[in-house]
Structures are given as structure tokens and as C-alpha cells.
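# Sharing a sequence plus its predicted fold:
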Amino acid sequence: MTLSWRATGVSQNHARTAINGMTPPQMPQPAPGDVIPSTLVSPGAAPFWLAVLLTGIGTGVAAAALTRLLEVVQRMVWGGSGTDLLRAAEQADALRHILALIGAGAVTGGGNSS
């Protein structure tokens, strides 16, 4: 009696490797301490969730600081309030547009040279 790969519950790829005399590939298993704690009382849960919390706080603070920096740079480059960039760019002359592009290229090129 011959069973098909569907009748045995084995996937077609695993059936092929078994036919070829090779064992099917195994998924790597995490090391015992490398799992995300499923509950707050699991071993290692407190440091893990503290790291998650601090990462979130740090990301939020960094986002606020970078947003503020962007507003300051926009105000320096385009003038105006720094919050209505479209209106400030529409009112700027051609030289300001060219200098803004040159300045952005210089900052980007200087940042990539290291």
C-alpha cells in the first residue's frame, strides 16, 4: 500500500527530501534565554519590558527633538514661522531656492564622507 504525501500529513517539499534520502530542514530553535517573555511573571520579563519601555521613551524624545530641529532649519532656510513651509517657499526668491539646494547637498555630502 502506497501513501501519498497528503495522506501522511507531510508537506510536498518534505516528501521530496525524504524520497531523495535527505532529511527535511529544521527550523532553528532559540537558546533557552533568548525568548520573549510571554507574561510579566516569566523569568527575565522585568528587564525585557523595562528595555521596551525605555526604548519607546527614548524614541519619542528623539522624535520631538528632531522635529524641533527641522522647524529651526526650515525657519533659517526659508524664513517665516517655520511651520508653514509651502507659503515660505512660494514667497522666497530663486536665489534662496538654489542656496537651499546647495546647502542640503553640502550637508548630505559631508555626512556621507565619513
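Perfect, I can see it now.
# residue boundaries of the helices in this structure?
5-8, 12-19, 45-78, 85-91, 94-112 (DSSP state H).
# closest one to residue 31 among the ones you listed?
helix 45-78 (14.6 Å; CB to CB). Using the backbone N, CA and C atoms, a C-beta is placed for each residue, glycine as well.
# May I see the buried residues of that closest one?
74, 77, 78 (16 or more other CB atoms under 10 Å).
# what distance separates that helix from the middle of the whole chain?
Helix 45-78 sits 14 Å away from the centroid of its parent chain (CA atoms, centre = their mean, to the nearest Å).
# on contacts alone, who are the packing partners of that helix?
helix 85-91, helix 94-112 (3 or more CB pairs under 8 Å, 6 or more residues apart in numbering; DSSP states H and E).
# what sits up against the first one?
Put plainly, it is helix 85-91. 74, 78, 79, 80, 81, 97 (CB atoms under 8 Å, 6 or more residues apart in numbering).
# With just CA atoms, put that helix into PDB.
Output of helix 85-91 as PDB, limited to C-alpha atoms (Å, rounded to 0.1, in the frame of the first residue of the first chain):
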ATOM      1  CA  LEU A  85       6.900  75.700   4.700                       C
ATOM      2  CA  LEU A  86       4.800  75.900   1.500                       C
ATOM      3  CA  ARG A  87       3.900  79.600   1.900                       C
ATOM      4  CA  ALA A  88       7.500  80.500   2.900                       C
ATOM      5  CA  ALA A  89       8.900  78.600  -0.200                       C
ATOM      6  CA  GLU A  90       6.400  80.200  -2.500                       C
ATOM      7  CA  GLN A  91       7.400  83.700  -1.300                       C
END
